[in-house]
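Asks: here's a sequence, model it:
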Amino acid sequence: MTYLCSSCKADVPISERINHVRSDWHIYNLKRVVSDLLPISEDMFVHKKQLIAAEAPVAIEKTYCNACKKSFANNKSFTAHLISKRHIHNSHLFKTKTAQTVISSTKPAGENCLTEPLPLGSCLFCDRYISLDYLPNESLDSAKQSDLAKRVLSHMFDAHKFSVPFPERLTDPAGLLIELGRIVGEERCCLACGRQFYGSCVEGSDNTRISLFAVRSHMLDKPGHKQVWFGVEDPVQVALLVAEAEEELNDDCEINYPKAALAGGELFSQFYDQSVVAPSFILSDDEDVYEVRLPSGTVLGHRKMRTIYKQHLAATDKAKLSDRDNGQKSVCVRRPDFKALMQYRSNADSERYLNEQRKYWDLVTGVQGNFHNRLHLRRQY
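Replies: Numbering: from 1, shown residues only. Below you'll find the model as predicted:
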């Protein structure tokens, strides 16, 4: 039994009716009926479909521009783009960059990323170069190099607010400036935080210019980065380094203090007066001692006893500590029958002080208990 399709004008079996309605041939004839056109046969539809499939690869063309890094929907828009001024300008730059890439690819791989230290006389923050004579700065004697280094340091202080730590102890300004130039020029490293900057390795000169400009801009723009990192400033760390140096010391040789303990604690101690050595500071081995006296006289308490020390300043000056309480020097001890760290001068004063404190603590505890635990009593204002 067959079914007559009004759109295709063809007899279709009833069992294939659903498949016919969903077929491309029926859908195509429906579109022709809507357009007031006559339907076509199935053979003609298959032949037309084959012709369209054969012509499709020929019609597809490249619609992506490598110079502008842009794709287009059809050939017409792509053809209009090829004659535009922007495409002509970008294509010229693309050809030039491609030629430079081919030339640089013939060079060794490590040549593109080589960096050089800044020469003596160069400013660390700008492109200014200072020289005394017509001779290169490296060929000058030590006295002239020191004068040149002082001029460069004064320029950096006036123009960029850069200062050298402990200038009164500086003995080799030229050596310090050369070392700082190596850090900035060769390592591309910030003098304060140690962050390194690298440019893209497309060309050697561009890489040098980009990375040097980056580290200089970082130091100039970021607050507090136009200074030299002093190194280890913590006296405890300095004490540990000094203790390690003393342990390695033999009886027949002179002690060699670490660089962190020289010239005030900075790591550039080789350019400073070596006779200036930070005083030794060794922690006590006694486990019952919860305070430390620094070489300056300041007393620091352990954080374990912060509830005891927080009633005074964190650091107490030695003069104030000795002159307090009628000039009698107080001693911090730990009594075996009392867990807290306390101060006392005699047994009578200690007992009287404990009784007063106990009465005060009992009063405070009782008042707090009235507020929280004895709500049936009359309110205390």
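
Asks: got any ranges where the stretch 51-200 of the chain has weak pLDDT?
Replies: 56-62, 100-114, 133-139, 199-200 (pLDDT under 70).

Asks: ok, the stretch 251-381 of the chain next?
Replies: Using pLDDT under 70, the flagged stretches of the stretch 251-381 of the chain are 251-269, 274-285, 295-297, 309-347, 371-381.

Asks: just give me the longest helix of the protein.
Replies: Determined from DSSP state H, the single longest helix within the chain is helix 347-372.

Asks: which strands or helices does it pack on?
Replies: If contacts are counted by 3 or more Cβ pairs under 8 Å, 6 or more residues apart in numbering; DSSP states H and E, helix 347-372 sits against strand 342-344. In short, each C-beta sits where N, CA and C put it, glycine included.

Asks: tell me the SS of L120?
Replies: coil (DSSP: H, G, I helix; E, B strand; the rest coil).

Asks: was I right to think it contacts A149?
Replies: Yes: in terms of Cβ atoms under 8 Å, L120 counts as a neighbour of A149; the distance is 7.1 Å.

Asks: so what sits against both of those two?
Replies: 174, 177 (Cβ atoms under 8 Å, 6 or more residues apart in numbering).

Asks: just the strands in this structure please.
Replies: Counting by DSSP state E, the chain has strands at residues 2-5, 10-13, 64-65, 70-71, 291-293, 299-301, 315-316, 331-333, 342-344.

Asks: okay, the first one in PDB with CA atoms only?
Replies: Yep, that's strand 2-5 we're talking about. In PDB, the C-alpha atoms belonging to strand 2-5 read as follows (Å, rounded to 0.1, in the frame of the first residue of the first chain):
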ATOM      1  CA  THR A   2       1.400   3.400  -1.000                       C
ATOM      2  CA  TYR A   3       1.000   7.000   0.100                       C
ATOM      3  CA  LEU A   4       1.100  10.000  -2.300                       C
ATOM      4  CA  CYS A   5       3.300  12.800  -1.100                       C
END
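
Asks: pull up the pairing partners for it, direction included.
Replies: Looking at strand 2-5 with DSSP bridges, its partner strands are strand 10-13 (antiparallel).

Asks: likewise for the fourth one?
Replies: Here strand 70-71 has these sheet partners by DSSP bridges: strand 64-65 (antiparallel).

Asks: give me the contact list for the strand it pairs with.
Replies: With Cβ under 8 Å, 6+ apart as the criterion, strand 64-65 contacts 70-72, 78, 81-82, 87, 90.

Asks: got the domain ranges for the protein?
Replies: 2-59, 70-106, 291-372 (automatic domain parsing).

Asks: next, give phi and psi for the closest residue to A192 other than its chain neighbours.
Replies: If you skip the residues right next to it in sequence, A192 has H225 as its closest partner in space, 4.0 Å away by Cβ to Cβ, 6 or more residues apart in numbering. Torsion angles at H225 (phi, psi; degrees, to the nearest 10) stand at phi -110, psi 10.

Asks: hmm, H225 is touching V184, no?
Replies: No: H225 is beyond contact range of V184, at 11.8 Å (criterion: Cβ under 8 Å).

Asks: now do the shared contacts for the two.
Replies: The contact lists of H225 and V184 share L191, where a contact means Cβ under 8 Å, 6+ apart.

Asks: settle it for me: which of those two has more neighbours?
Replies: V184 (23 against 16; other Cβ atoms under 10 Å).

Asks: how much space separates the more buried one from E356?
Replies: Relative to E356, V184 is positioned 63 Å away (Cβ to Cβ, to the nearest Å).

Asks: now do A67
Replies: Distance from A67 to E356, by Cβ to Cβ: 90 Å.

Asks: all helices for the stretch 151-300 of the chain, in order.
Replies: 173-185, 204-221, 235-247 (DSSP state H, counting those that start in this stretch).

Asks: how about the stretch 1-150 of the chain?
Replies: Using DSSP H, counting those that start in this stretch, helices in the stretch 1-150 of the chain cover 17-22, 24-34, 42-59, 75-82, 85-105, 142-160.

Asks: so the third one versus helix 24-34, what angle?
Replies: Put plainly, it is helix 42-59. 90 degrees (axes from the mean of the first three to the mean of the last three Cα atoms, to 10 degrees).

Asks: contact partners of helix 42-59?
Replies: Contacts of helix 42-59 (Cβ under 8 Å, 6+ apart): 8, 10, 24-25, 28, 40.

Asks: may I see the PyMOL selection of the buried members of the residues you listed?
Replies: To isolate the buried members of the contacts of helix 42-59 in PyMOL, using 16 or more other Cβ atoms under 10 Å:
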select buried, resi 8+10+25+28+40
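
Asks: quick one: which of the contacts of helix 42-59 is nearest D172?
Replies: D24 (89.4 Å; Cβ to Cβ).

Asks: nearest residue to V184 other than its sequence neighbours?
Replies: L124 (5.1 Å).

Asks: just to check, the one you found is in contact with L191?
Replies: Yes: between L124 and L191 there is a contact under Cβ under 8 Å: 7.4 Å.

Asks: shared neighbours of the two, anything?
Replies: With Cβ under 8 Å, 6+ apart, L124 and L191 have common neighbours 180, 184, 219.

Asks: quick check, nearest of the residues you listed to H160?
Replies: M219 (8.5 Å).

Asks: how many neighbouring residues does the closest one have?
Replies: 22.
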